[in-house]
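Peer 1: Mind looking at a prediction? Sequence and model below.
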Amino acid sequence: MKVFIDYIKGVRSELSKVTWPKKDEVIRLTLTVFIISGIIGIYLGVLDFALTKLLEVLVSI
């Protein structure tokens, strides 16, 4: 049990040394991730649709 308590104390000590981002930075970076994810999702959706149609045309020949 002492090992576990020492581990938790070490974790708390290390967490107190972390420089956490400010709220506005978190919001800005979160929005950036959402926007980039959306763009990539749309791109992959269009690519999938186009390749599916191409495959349908090739199979019907």
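Peer 2: Yes, it's here. Quick caveat, the model's predicted, so the values are computed rather than measured. Residues are numbered from 1 along each chain as shown.
Peer 1: Give the next helix or strand downstream of the lowest-mean-pLDDT helix or strand in the chain.
Peer 2: Within the chain, no helix or strand scores below helix 2-17, which has a mean of 95 by mean pLDDT, DSSP states H and E. Counting by DSSP states H and E, the element after helix 2-17 in chain order, helix or strand, is helix 23-60.
Peer 1: from the chain's centre, how far out does that next one sit?
Peer 2: 14 Å (C-alpha atoms, centre = their mean, to the nearest Å).
Peer 1: Any idea which residue is closest to the centre of this structure?
Peer 2: V33 (6.8 Å; C-alpha atoms, centre = their mean).
Peer 1: Tell me the spacing between that one and L58.
Peer 2: Using C-beta to C-beta, to the nearest Å, V33 is found at 37 Å from L58. Where C-beta positions appear, they are placed from N, C-alpha and C, glycine not excepted.
Peer 1: Next one: I36 from E25, what distance?
Peer 2: 16 Å.
Peer 1: Equivalent analysis for Y43, please.
Peer 2: 27 Å.
Peer 1: same question, L51
Peer 2: On the measure of C-beta to C-beta, L51 and E25 end up 38 Å apart.
Peer 1: Over to L54?
Peer 2: For L54, the distance to E25 - C-beta to C-beta - is 43 Å.
Peer 1: same check, this time on L15
Peer 2: 19 Å.
Peer 1: Likewise for V18?
Peer 2: Distance from V18 to E25, by C-beta to C-beta: 14 Å.
Peer 1: Please say which of these two ends up with more neighbours.
Peer 2: E25 (10 against 7; other C-beta atoms under 10 Å).
Peer 1: Could you check the pLDDT of that one?
Peer 2: Note on E25: pLDDT of 98.
Peer 1: repeat for I61
Peer 2: Predicted confidence (pLDDT) for I61: 83.
Peer 1: Neighbours of it, how many?
Peer 2: Count around I61 with other C-beta under 10 Å applied: 4.
Peer 1: same deal with L55?
Peer 2: Other residues within reach of L55, judged by other C-beta under 10 Å, total 10.
Peer 1: Same check on the one 5 residues further on?
Peer 2: Using other C-beta under 10 Å, the number of residues around S60 comes to 6.
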